[in-house]
Structure formats: structure tokens, C-alpha cells
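A.B. asks: mind folding the following:
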Amino acid sequence: MQITIIGAGPRGLALAERLSNLTPADQNLNINLIDPSPIGGRVWNPFLENNQLFLMNTVASQVTLFHDQYPGKTATLLEWAQGPADQFLRDHSEFPSAYRSQLADLNDESAYSTRGLMGVYAAWYFQELQDQLSAHHQIHYYNQVATRLKVEADGYRIILGDGQELTSSKVAMALGHSEDRLSPGEKQLTTYADQHHLGYWPAQHPAESNFDQLNHPQTVIARGFGLSFYDYLAALSLGKGGHFTRRPDGFLTYQPSGQEPRIIVGSRTGFPPRTRGFNQKGPSELYQPVFFTWTNLDQIRSEHDGKLPYEDFEKLLYKEMDYVYLVNAGRLADFNPEKQAKLENDLKTSTDFKATARQYGLTLADLDLRNLRHPDRQQGPNQSFEDFFKNYLKDDIESAKLGNADSPLTGSFEILRDLRGMVRTIFEQDYFDDHDRQRFVHEFRSLEGRLSVGPPLIRTEQLLALIEAGLVTVLEPGIQIETGDDHFWASDRGDHHYQADGVIEARLATVDFHLALNPLLKDLQEQGLIQASPIDERAIDINRVTFELNQHGLYLSGIPTEGYKYFTTVIPRPGVNTPIFKEATAIASSMLK
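C.D. replies: From the prediction side, this is the model:
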């Protein structure tokens, strides 16, 4: 059997592994693995200098490329770093030497790897996978871009960027983010930058950005306060030669190199996502819900003609968060074991958490959903936004330091990550009707991203230090960017105005296959081989069970299905039936029928 996988990131590698281990050892299997980036994919490219600096957003102990049913010896990213990584790097001098020195930093289950080191881990994994192949199985890696696909009588012909043509009986596309066509506004900014010798960086993978020409005393506007912003923050501080030191009070101070530009950052909401808590959980450890259970969810559905009202979904999930908050608050208050057990039992039977909390001298004020969505509601009437924002960051940092299991606030946010598999099932198996699905997308998805998809603790500490050093200025909510007087200008709802020499769109491109510049997606769209999903017109329609497109033998998984699938930006985690491994098993099983 001849199979082609387009994409050599974690999804593509997982599928290659499943195909090789589910195909009988005495049966011929030839896999073409295609990617213009190195093994591991674009995000984890170890040869990009920025990836020696940028951090993953998941601790190394909770990252693996080995399927839960992998037949041989396995290793998480952390276990690899503490074991065979050093010898592998010694044997492979093509990788930058900086990665060997990074291994010492991965010394416990709370440590984060750089993205480049993840790419080296992927290369080692691929070598391990090839070493365990039977004599009848082969995987051929093509470091090329797939530009076109032709349907033939007995399968498919894939055309590569260098003109090579590969034939396969079946094809799977495991695709990541693609750049988009520029919007009219982005085109205007690009043109203005070219005409006035300014800098403009459109939405892209941050590691591929070059800031050699952006230095002191220049000023740059960063539009966007999500995870990509923290990459740009590192590139324009640590990447310019500065460094951080820890003060006696536990916070950081930044020591500049003198090369750093000033950064003006703003977004629609004006606030970054909440910081990931100091990790206290094992590689496969997930929170077990008390209220947000399948039993309770199915009971609600039975009362509403098989559908789950969004109001009930939200109420039950936020009740779970309230429970975790109060249980952890009791522990933080040093309740004795008997009092703590009584608190937990009382909460399990309570019909009014606020009243129960008051009986124990506790409060749920920190979990006010209005304040979580709009933190600036808590800004004092005589308090400057800068002071409020710095205090907000300090509170977030102190909460995260308590740990992702023990912290009342951060711990309650963390369960959203642990329950994401259940939420994914609810969304993808159509528990909601059309109206409530839209509410979920517009109300819950953004809040979940704000609360449970934040940066590592160290990155928030660095942001605070850079603000205190005067190198970062945070705009109030409602950023606007204009042009004039040979510069860019940023303003906010507080009528503050800042002049700048460049603009960074600090985000990845919007997921919309109609706008994607990926040549293969454009070719498939022109041929009518991909269509919009019935739920979200920006996402590509697939069979949700087999991941097959309407064309037999052609499969798609990954970022282009976002909106039809839920939360596709995941990294495999060991022992939790992670989505990427489930997808790989489903696709391989369908291909091998």
C-alpha cells in the first residue's frame, strides 16, 4: 500500500506511527511524508534562531509524541531531555549547540522546553520510529512543499514544489496554520510602511520574523495580547541581548542591552490571557469533575429533547469552577482536615455556594464572570490604567505561583484545560442546537481562551519587569492604528496616542481556508475537493469520525477544520487519549480497511 501524509508535525508523525503499527509486519507499506519544514513541523523548527528562545506553552512532562498504544519504549519530552537527548545531540551536529545547554533546565515536571528543542525531540522520535519499522514498511521524508493534487483512477498524484510527482492510493493532510491573504486594512498598512520606510509585520509564525532592523531608539506597536505577543516580547528583549534577574521580593528586574525598541501593546480587550499556574500535576493527571459529569449532562439533555441548553452547560461548568475555587481557598486558609472535609461535603449538597462560602468565611468575588471577561471593571476611579494593570499582573503572578492544583483562582481556571476533552465531545457531537452553538462559540470560546490558554509563569513575570523598565507601554482597551506624519499611530479608548516606527500583528492568521495562501488548499478549493463545513463556513467539511473528505481516500485533520472540530491547536499528552492520537487511530483504521 502506498500512502502519502502531507505535514510532518505531531499529527503527521502520529499518523505515520499508527499506520506502521496497525499494518501487519509482512504486508508492504510505503509512506511518503511531505513537509517543507524539518521533521516536527513548522512551529517546532529547531533551525530557526527564535525557536532557541521561544517557549512551549505546555510543560515538558506533559508532552509526548508516542501514542498511548505504542509497542516499544516511550519517553515524554522531559524524559527524553533527561535521558537520550544529550547523546542524540552529540551524534547530530546539524542541530545548534545551544540545545545541549538547555537540557539542564529541564529538571522537573514544572519545566518548559524551548520550541526548538521540541523539534529536536521530534527528529529523535522519527529516528526511533524508523528503527522499529519492519522490513516491509518504509517511510520516505520529502523536505518539500506539496503544491497540487490530482485525482487519478487508482488514487492520487501529488506534485511537489521541486516538480517531483508522487503517486498514492490514499492521502492524508495533517495541516497547521497558513498565512492568509492580507485584508484591505493590512494592505494599506503594508503600502504605507513601504512608502515611508517603516516596518510592518503581518500575522505570521513569530519564529519566522526578523527584527534585525528594529532596535533602540525605535518604537513598535504590537496589536494583539495573546500567546504570539509573548513570543515577540521575548524576541525584542532577550533576543536583543537583555536579561532578567530575580529580586529579593521574588519579582524580576530587566537589565537592558541598549538595543531594545520600545513596545506599545494593545488589543480589543486590553488584557492578556491568565498565566498558567506552576505545574503540580503528573503527566497524565486530570481533574475529575464533581458536577460537570456525563451523568448530569445527559440528564439535562433528556429533559430538553436530547439537546443541551447553553445556559445549563455554562451553569454546570462554572459551578465546577466555583467548587474548585472554594475547596482550594479552604486549604489555603489552613482549614484542619475535619473542617476541610465538611466544607467539601457541604458544597457537594449546597444549592447556594455563596451562602455556604460565607458560613466558612470564604467568598467567590474573584470568580465574577463579568470581571473575568472585563477586568478593567475593577479599576478604581482615581487609579491610572498603568497602575491597575501592573497590580493585575502581580495578582495573576502570585495566584499562578500557588500552583495549578492548589491555587484557588488559577486552579479553577486550570480545570477548563482538563475538561476540554468533554467540552470537545459536547461541541463535536452536536449537543447544542444551532442557536446555542453560536452562543458557545461567541461567549465560551473566548472566555476559555482568556482563562486557560495563557503563557508560562516566567513570561508574565518578564512582561511586568519590562513594563517597570519602561520598555513596554500597555494601552487601554480598544486599540486603533492610524497613519500620519510619516509614522504609525496607536490610540485607545482613553484617548492616549503613541507614535511608532513599525507595527506587529501579534497573532497567527485567521483560520479560514478561503483566505489561506497554502498552495495545496488553494488547488483543492479550485478543484472543488474541499467545501465549507455546515457549521462554520471558514472550516473545511470532513467526516467527523473518519476525517475523510467527500473524495474517497482523501483525509484532512488539523487547523483547517477548526470551527467544525473544536480546539485543534493541541500538543499530544501521554495517557489521556489525546485528540491527535485519536485522530491518527481513526484515519489509519479507515485507510487500512
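
A.B. asks: tell me which element Tyr323 falls in.
C.D. replies: Using DSSP states H and E, Tyr323 maps to helix 310-332.

A.B. asks: which helices and strands does that helix pack with?
C.D. replies: Applying 3 or more C-beta pairs under 8 Å, 6 or more residues apart in numbering; DSSP states H and E, one finds that helix 310-332 contacts helix 294-302, helix 337-349, helix 353-359, helix 408-418, helix 434-439. In short, each C-beta sits where N, CA and C put it, glycine included.

A.B. asks: ranking the ones you listed by burial, who's on top?
C.D. replies: helix 408-418 (a mean of 24; mean count of other C-beta atoms under 10 Å).

A.B. asks: tell me what it is packed against?
C.D. replies: Contact analysis of helix 408-418 by 3+ C-beta pairs under 8 Å, 6+ apart lists helix 310-332, helix 385-401, helix 445-452 as its packing neighbours.

A.B. asks: using CSV, write out every CA atom in the longest one.
C.D. replies: Okay, so that is helix 310-332. The C-alpha coordinates for helix 310-332 follow below in CSV (Å, rounded to 0.1, in the frame of the first residue of the first chain):
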residue,chain,number,x,y,z
TYR,A,310,-26.1,26.6,26.6
GLU,A,311,-27.3,28.2,29.9
ASP,A,312,-27.2,24.8,31.6
PHE,A,313,-23.8,24.0,30.1
GLU,A,314,-22.4,27.2,31.4
LYS,A,315,-24.1,27.0,34.8
LEU,A,316,-22.8,23.5,35.4
LEU,A,317,-19.2,24.2,34.2
TYR,A,318,-18.9,27.4,36.2
LYS,A,319,-20.3,25.6,39.3
GLU,A,320,-17.4,23.2,38.9
MET,A,321,-15.0,26.1,38.8
ASP,A,322,-16.7,27.7,41.9
TYR,A,323,-16.3,24.3,43.7
VAL,A,324,-12.6,24.1,43.0
TYR,A,325,-12.0,27.7,44.0
LEU,A,326,-13.7,27.2,47.4
VAL,A,327,-12.1,23.9,48.1
ASN,A,328,-8.7,25.4,47.4
ALA,A,329,-9.5,28.5,49.4
GLY,A,330,-10.2,26.3,52.4
ARG,A,331,-6.9,24.6,52.0
LEU,A,332,-5.1,27.9,51.6
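
A.B. asks: buried sites along it?
C.D. replies: For helix 310-332, burial by neighbour count (16 or more other C-beta atoms under 10 Å) applies to 310, 312-314, 316-331.

A.B. asks: and the contacts of stretch 586-593?
C.D. replies: Stretch 586-593 is contacted from outside by 1, 3, 15, 18-19, 22-23, 170, 172, 545-548, 553, 555, 557, using C-beta atoms under 8 Å, 6 or more residues apart in numbering.

A.B. asks: just among those, which is most surrounded?
C.D. replies: The most crowded member of the contacts of stretch 586-593, judged by other C-beta atoms under 10 Å, is Ala172 (31 neighbours).

A.B. asks: check which helix or strand Ala589 maps to.
C.D. replies: Ala isn't right for residue 589; it's Ser. Using DSSP H and E, Ser589 falls in helix 579-591.

A.B. asks: can you say which of the helices and strands packed on helix 408-418 is nearest to Val220?
C.D. replies: Nearest of the helices and strands packed on helix 408-418 to Val220, taken as C-beta to C-beta: helix 385-401 at 18.8 Å.

A.B. asks: what is the mean pLDDT for the helix holding Ser589?
C.D. replies: Helix 579-591 carries an average pLDDT of 97.

A.B. asks: buried stuff in that helix?
C.D. replies: Those would be 579-581, 583-588, 590-591, for helix 579-591 by 16+ other C-beta under 10 Å.

A.B. asks: ditto for stretch 531-543
C.D. replies: Using 16+ other C-beta under 10 Å as the test for burial, stretch 531-543 gives 532-533, 535-536, 538-542.

A.B. asks: just name the closest of those residues to Asn518, please.
C.D. replies: Ile540 (11.4 Å).

A.B. asks: so which of the helices and strands packed on helix 408-418 comes closest to Asp86?
C.D. replies: helix 385-401 (30.6 Å).

A.B. asks: what's that closest one packed up against?
C.D. replies: Packing contacts for helix 385-401, counted by 3+ C-beta pairs under 8 Å, 6+ apart, involve helix 408-418, helix 457-468, strand 472-474.

A.B. asks: so what does the helix or strand following the last one touch, helix or strand wise?
C.D. replies: This means strand 472-474. Proceeding N to C from strand 472-474, the next assigned helix or strand is strand 480-484, under DSSP H and E. Other helices and strands packing on strand 480-484, by 3+ C-beta pairs under 8 Å, 6+ apart, are helix 184-195, strand 487-491.

A.B. asks: and the last one, which strands flank it?
C.D. replies: Put plainly, it is strand 487-491. strand 480-484 (antiparallel), strand 497-500 (antiparallel) (DSSP bridges).

A.B. asks: re the thing from before, and of the helices and strands packed on helix 310-332, who's closest to Thr253?
C.D. replies: The closest of the helices and strands packed on helix 310-332 to Thr253 is helix 408-418. By C-beta to C-beta, the value is 23.7 Å.

A.B. asks: what comes into contact with the closest one?
C.D. replies: For helix 408-418, the external contacting residues (C-beta under 8 Å, 6+ apart) are 274-277, 286-287, 289, 317, 320-322, 324-326, 328-329, 332, 366-367, 399-400, 402-405, 423, 448, 451-453.

A.B. asks: out of the helices and strands packed on helix 310-332, which gets nearest to Phe66?
C.D. replies: Between the helices and strands packed on helix 310-332, helix 408-418 lies closest to Phe66; by C-beta to C-beta that is 21.0 Å.

A.B. asks: give me the mean pLDDT for the closest one.
C.D. replies: When pLDDT is averaged along helix 408-418, the result is 98.

A.B. asks: and the angle from that helix to helix 445-452?
C.D. replies: 120 degrees (axes from the mean of the first three to the mean of the last three C-alpha atoms, to 10 degrees).

A.B. asks: could you give the angle of helix 408-418 to helix 310-332?
C.D. replies: Helix 408-418 runs at 130 degrees relative to helix 310-332, counting by the same axes, to 10 degrees.

A.B. asks: ok, then the element right after helix 408-418?
C.D. replies: helix 420-428.

A.B. asks: which strands and helices sit next to that next one?
C.D. replies: Judged by 3+ C-beta pairs under 8 Å, 6+ apart, helix 420-428 is in contact with helix 445-452.

A.B. asks: the stretch 151-300 of the chain: strands as residue ranges?
C.D. replies: Ranges of strands within the stretch 151-300 of the chain are 155-160, 165-168, 170-175, 199-201, 219-223, 243-246, 252-255, 262-266, based on DSSP state E, counting those that start in this stretch.
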